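J.: need a structure here:
(4 chains, ligands or ions: 4)
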Amino acid sequence: MPESFLRPPKAEFPLVRLVGEDGTRLGHSPTEPDAETQTQLFRWMVFGRVFDQRMISLQRQGRIGTIGTIRGQEASAAGLALAMRRTDWLVGSYRELLAYVAHGVAIENVLNLYRGGVPGPFPEGVGAMPVQIVIGTQLPHAAGAALAAKLRGSDDVVVGCCGDGATSEGDFHEGLNFAGAHKVPAVFFVQNNGWAISVPRGRQTASETIAEKAWGYGMPGVLVDGNDALAVYAVAKEAIDRARAGEGPALIEALTYRVGPHTTSDDPRRYRSDDEVAQHEKDDPIVRLRLLMEKEGAYEEGMQERFEEEARAAMSLAIERAEAVANVTPETIFDLTWAAPTPSVLRDRQRTLEDLKEIGEVGKE
Amino acid sequence: MPESFLRPPKAEFPLVRLVGEDGTRLGHSPTEPDAETQTQLFRWMVFGRVFDQRMISLQRQGRIGTIGTIRGQEASAAGLALAMRRTDWLVGSYRELLAYVAHGVAIENVLNLYRGGVPGPFPEGVGAMPVQIVIGTQLPHAAGAALAAKLRGSDDVVVGCCGDGATSEGDFHEGLNFAGAHKVPAVFFVQNNGWAISVPRGRQTASETIAEKAWGYGMPGVLVDGNDALAVYAVAKEAIDRARAGEGPALIEALTYRVGPHTTSDDPRRYRSDDEVAQHEKDDPIVRLRLLMEKEGAYEEGMQERFEEEARAAMSLAIERAEAVANVTPETIFDLTWAAPTPSVLRDRQRTLEDLKEIGEVGKE
Amino acid sequence: MKANIVEAIQDAMRVALARDKEVVVLGEDVGRNGGVFRATDGLQAEFGEDRVFDTPLAESSIVGVGVGLAAYGMHPICEIQFGGFLYITMNQIASQAARLRMRTGGQMRAGMVIRAPYGGNVRTPDLHSDSLEALLAHTPGVKVVMPSTPYNAKGLLLAAVDDPDPVVFLEPMRIYRGLRAEIPDGHYEVALGEARIAREGQDVTLVAYGAEVQTSLEAAEQLSAEGISCEVVDLQTVSPYDRETVLASVEKTGRAVVVHEAVRQAGMGAEIAAVIQEQAFYSLAAPVQRVTGWNTPFPFVQAEHLYVPGAAHIAQSVRRALQD
Amino acid sequence: MKANIVEAIQDAMRVALARDKEVVVLGEDVGRNGGVFRATDGLQAEFGEDRVFDTPLAESSIVGVGVGLAAYGMHPICEIQFGGFLYITMNQIASQAARLRMRTGGQMRAGMVIRAPYGGNVRTPDLHSDSLEALLAHTPGVKVVMPSTPYNAKGLLLAAVDDPDPVVFLEPMRIYRGLRAEIPDGHYEVALGEARIAREGQDVTLVAYGAEVQTSLEAAEQLSAEGISCEVVDLQTVSPYDRETVLASVEKTGRAVVVHEAVRQAGMGAEIAAVIQEQAFYSLAAPVQRVTGWNTPFPFVQAEHLYVPGAAHIAQSVRRALQD
Ligand SMILES: Cc1ncc(C[n+]2csc(CCOP(=O)(O)OP(=O)(O)O)c2C)c(N)n1
Ligand SMILES: Cc1ncc(C[n+]2csc(CCOP(=O)(O)OP(=O)(O)O)c2C)c(N)n1
Ligand SMILES: [Mg+2]
Ligand SMILES: [Mg+2]
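T.: Ligands and ions are numbered 1, 2, ... in the order given. As a prediction, the model looks like this:
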């Protein structure tokens, strides 16, 4: 008999990296991005930085509502999005806005949402579910959409995303457990950015990694350096290819750090030190990839500035377009509630609108 | 770089056994039951068998409602209950009735519940929460009660029990994750009896064992032969002692088999073969312990018959007592809804009772 | 064919599975076991494991997976084993299924059916007897349908499956097998949102749905012996419900009694009484009465026959409405 | 001391933590961060991590752990970060907290407070603005309290903490900081189950709670300029509510308007209208009006100011009630 019957946790998950913090190449992988994709990764990461700054300043000007920040997490988002096919489904939350845009969702769509309006439709052929605000709730949807893809014989893969905090929700468990039990083509992608608002990862769960939670659902797990765009891409690509081949779901933990506040309403100084942030700020995923590209001769002079310029232009155009329409009226709300309204619903709608008209509030904003 | 980044599950959980199916001693442990406890284990297992038969026949006679069966799971229940201290809290479900009684809850309490009435109070000093019917829901309660014990400086341990199917519920996840994160003195005890009504364990979750789910919560896990009373006791004792010592929670998977139907309303032939059942029926936990005791000279001639007799007498007495009172009136229901009713509540109660009296239905059953 | 309610429901699913390959049935024990009430009996054998399948024991994900299936274009029929467990699914129903269309500006829909048996007087354990329709009626974006006969059970379920909105379909457990009647073979629909007059009458309007329609008809029969003529309105769809039919009946009779077994406070009886007094105030000869469960949780089995409105409870309120 | 509502709530928790060592505060971000609205600011520093602590991000367990703490004899104050997330906790509240006493024949109780901010017009994201009190009012065994001023916020919360029943305490986010008033230092209670007359009047009774009390007072002020005298009843406790005070006021004025920002159908307005017409039918000069959210989910921010009843909406219904 052993001294103890209890088997303490000992799943070991090494951190997957292809590029060191100083841009040194650490390894290669058959699933790593090719040269063109590498450039696109860089381009989207640069876009993400510009997007983040722009959204924050729109919020400060009162032109959009509270917005989550993504600074520091660009490699995770871009690495994931570029590893996906356009028809694969992205099922994520407010922290995946860069991934949504890189995957093909229009910037206006996101802007409309944060302007408190109806998000525009996803472009034809882009697989996605709406940006989720209720933490963890999207993961059973991801399992369900993946099951649908499988049942219909499509080879789409569904990527369900969430944060480290979200892994505590019951729906995280139920979504992953369903996906494992029904062996659906889903990949779960957790951006572990160290914090769930003010609650550090270490107090969220006692497991050493989030990656090892995969085993409880009978699926493989992997812990990847979320600031290493090449590694994130390579790992996501492998998991997605594998799911597409019918080999079932996997869980990816991308270890990164939220450098900015949780949202524009958050004051992170209340719960973490400037030192901690400064420490992490040094490991800028954009810089890391640029250093690698420079070392490997893939970086063209002025590339970053060009991409920044392009991103600013795209943002400006999208903002202009989005702000040209305040797209919600009371009618919108009634009409979006039911796809098939009944006669009582239509009468109710009419009465409410008449009442509103009487007090002269329709159209006033 | 490895060939694959993904790390497939490989947590290995050997099955802990102290006694073989034929009663052969396979090992010893410092936490195994002493001679007196071993006899008590046997006694409670015999009680469980009698209890099960009696409850089923009461149900057939229409004297109680639908009841779950426990045949085949006696070792898990008795092993767990006897490893607990009387003041430790048992937080379980309908499948743990034997554990409840062995832990000190009165048989009448259980009978009242299944008679559709108010369960009697738990005896003074017996730690327990009511028998849970809503699957999985009790596990956060177990975490909370354990946290309370810790905060109050008591050394009580809380044991949260559930079945294999229950491990799929969000509340299983949230309860265990909380317990791990707050390192509370709780032990989670899963009776894996192979089935959740008609759904086999293999379709419930893709993980190879339930024990390994522990690691996702940063706690140790253990897989024990649930038909080996000595092993269940030894493993439970270790986990409980450890929790009591402040070393945090653990998860025990007791591998057993539900030989009877899920409940008296269930027809298991719809979903499993008689062969499968016959196979498992051979491994009767009562027989196993008796064989061991005979081999080791601990079995006294006529012991089983004596315990059966005693169990029948206890059941008869409890039934007689329980049936002497139909303990629910409409007043009961109103009075148990609020501990602090408001004047409106009291008026409402009075009106409802008057209405009932007017139509002459009060007291009619 | 002749069928009771549970057979009619099973037949509806069979028809739905046969006519639309996007329809799938999922839930706990719906496969091999055919559901704990046999509502899905034989469906897996007939349509295969890809169309009718067991899920893990996890209600939030049964609905959540349904939302994902629906978003992808399928039409799931999810079974929740007992209505009381809908509490667990409230977030997936209310914050997700009911709002997917809104959240995508109409691009996606959560067309799906969530079936669950509900109701008391069946001697079930804790939380197996609750009637939670009011929680869902307070949740716009999800329809609530509660059949009362084999005919409308099948027709409403087929309409629910064809509906692009999410529908919670609550089945009257108590009369699953009691009523047997002729129902049409094959496909037919009973339109969602339309009440039916289950019995015509002149003196008072009884508004009911689900199992209490039968109890109301019983009460009406008893009262007719006293010379009281009750009109029984069966809502069929509880949300959004057919206000017009209810109001027309009350305008005719001048008196109304609303019947349900759910908790009284903030139940559907409150809603219907509020609408009647709002919109038919000057037709009302007496206050609208409510015959409902008490303002307590669903009680222990020993008291459930007093809690669930019986014909005597209803008759008492009808007489009261006529006294005023 | 002078305090706004959120400060009054914080002060109540400080007093409760100081006077009863069984009180603990738990929830997401309630510790170091002091809550996303600062309601628990400084409490962890003052009382330590054993009394005020962060939980994992999992609402069902925040309530479920609370039930376990309460069963063991402690008195938890659980924070749910936004009222819309109460959907996730419905099972733990309704099937567990509300029934622990019933299920143990009175031996145990789930004495606990579940705090959550609620309500619209704050430009929050999806599901952050919902008012779910009606779901809880349909759940006997749990009390629902909704303060409207700094004074009653503190006094009601202290009463809720002392109450042996589970209490859901819904805080009016919109007026968290707007109102500032003198409140007593230290311990005092505003009794649960008692409404208050927030303004006396003769012509019509406005029944409101939470943030809409302030809006109703505004409307009353505007209407007084037109010579209309409104009585404003502030329920304070929404379930079980003080029917007697509501009825007495309506018997006096003969007219009633019920105001809330939750969905109309099966909301508290329905309940109150139903009770008024049931019990004060012959005092009513006109039907009870409801001024509420629409029969739609809480809308996108661009439309929320039209959805949440403003003074103009209320005045419109008051005039209508007076026309009849
Ligand atoms: C169900 C639910 N609970 C609480 C919140 C409030 N909330 C928004 S973000 C957040 C923290 C999320 O942390 P994590 O999952 O780590 O994601 P991150 O924001 O760090 O990307 C919380 C508590 C919410 N939106 N939904
Ligand atoms: C939340 C909930 N869902 C469904 C049920 C119905 N139900 C009762 S027992 C059971 C199966 C439980 O299986 P398991 O957890 O393995 O426990 P066992 O009955 O095998 O001991 C189900 C589905 C329930 N009581 N509660
Ligand atoms: Mg995070
Ligand atoms: Mg089982």
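J.: So the spatially closest residue to A:G104 that is not a sequence neighbour versus chain B, what's the distance?
T.: Nearest in space to A:G104, with sequence neighbours left out and distances taken as Cβ to Cβ, 6 or more residues apart in numbering or on different chains, is A:V126 at 3.9 Å. For glycine as for every other residue, the C-beta is placed from the backbone atoms N, C-alpha and C. Per Cβ to the nearest Cβ, to the nearest Å, A:V126 is found 27 Å from chain B.
J.: OK, contacts around the residue lying closest to A:P185 once chain neighbours are set aside?
T.: In space, A:P185 comes closest to A:A243 once its chain neighbours are excluded; the distance is 4.1 Å by Cβ to Cβ, 6+ apart. In this structure, A:A243 makes contact with A:146, A:157, A:185-187, A:249-250, judged by Cβ atoms under 8 Å, 6 or more residues apart in numbering or on different chains.
J.: Equivalent analysis for A:I333, please.
T.: Contacts for A:I333 (Cβ under 8 Å, 6+ apart) come out as C:102, D:294, D:296-297, D:299-300, D:303, D:307.
J.: just checking, C:L284 touches C:R255?
T.: Yes - counting by Cβ atoms under 8 Å, C:R255 is a contact partner of C:L284 at 7.2 Å.
J.: Need the residues touching each of the two.
T.: Taking Cβ under 8 Å, 6+ apart as the criterion, C:L284 and C:R255 do not both touch any residue.
J.: Of the contacts of A:A243, which belong to strands?
T.: Taking DSSP state E as the definition of strands, the contacts of A:A243 contribute A:186-187, A:250.
J.: Could you pull out the helices in the stretch 151-300 of chain C for me?
T.: Counting by DSSP state H, counting those that start in this stretch, the stretch 151-300 of chain C has these helices, from start to end: C:211-225, C:243-253, C:268-279.
J.: Just give me the residue closest to the centre of the chain.
T.: Unless you meant another one, I'm taking chain A. Using Cα atoms, centre = their mean, the residue of chain A that lies closest to the mean C-alpha position is A:E96, 2.1 Å off.
J.: State which one residue of the stretch 101-250 of chain C is found closest to ligand 4.
T.: Scanning the stretch 101-250 of chain C for the residue nearest ligand 4 gives C:P125, at 16.6 Å (criterion: Cβ to the ion).
J.: cool, and chain C?
T.: Scanning chain C for proximity to ligand 4 using Cβ to the ion identifies C:L57 as nearest, at 8.9 Å.
J.: give me every residue that touches that residue.
T.: B:135-136, B:165-166, B:168-169, B:196, B:199, B:204, C:28.
J.: That one and A:G175: what is the separation?
T.: Plainly put, C:L57 is 14 Å away from A:G175 if you go by Cβ to Cβ, to the nearest Å.
J.: ok, now C:A286?
T.: In this view, C:A286 and A:G175 are 53 Å apart by Cβ to Cβ.
J.: Settle it for me: which of those two has more neighbours?
T.: More neighbours sit around A:G175 than around the other of C:A286 and A:G175, counting by other Cβ atoms under 10 Å in any protein chain shown; the figures are 35 against 19.
J.: Surely that one is within a helix?
T.: Yes - according to DSSP: H, G, I helix; E, B strand; the rest coil, A:G175 belongs to a helix.
J.: That one contacts A:L147, doesn't it?
T.: No - contact status for A:G175 versus A:L147: not in contact, 11.1 Å apart, counting by Cβ under 8 Å.
J.: Look up the pLDDT of A:G363 for me, please.
T.: A:G363 is assigned a predicted lDDT (pLDDT) of 47.
J.: Same check on A:G120?
T.: At A:G120 the predicted local distance difference test score is 79.
J.: Make sure it is actually in contact with C:G106.
T.: No - when contacts are counted by Cβ under 8 Å, A:G120 is not listed as touching C:G106 (10.8 Å).
J.: Can you show me the helices along the stretch 151-300 of chain A?
T.: Going by DSSP H, counting those that start in this stretch, the stretch 151-300 of chain A shows helices at A:170-181, A:201-204, A:229-244, A:274-281, A:285-295.
J.: most tightly surrounded among those?
T.: helix A:170-181 (a mean of 31; mean count of other Cβ atoms under 10 Å in any protein chain shown).
J.: Give the rounded mean pLDDT of it.
T.: Averaged across helix A:170-181, the pLDDT comes to 98.
J.: Next, see if that helix gets close to ligand 3.
T.: No - between helix A:170-181 and ligand 3, judged by Cβ under 5 Å from the ion, nothing touches; the nearest distance is 12.7 Å.
J.: Can you give me every residue that contacts the residue in chain C that ligand 1 sits nearest to?
T.: Closest approach of chain C to ligand 1 (Cβ to the nearest ligand atom) occurs at C:N91, with a separation of 7.8 Å. Contacts were defined as Cβ under 8 Å, 6+ apart; by that measure C:N91 touches A:134, A:137, A:171, C:60, D:85, D:87-88, D:90.
J.: ok, and the closest non-adjacent residue to A:T264?
T.: Beyond its immediate neighbours in the sequence, the residue positioned closest to A:T264 (Cβ to Cβ, 6+ apart) is A:Q59, lying 4.5 Å away.
J.: do the same with A:G72
T.: Spatial nearest neighbour of A:G72, excluding adjacent residues (Cβ to Cβ, 6+ apart): A:V259 at 3.6 Å.
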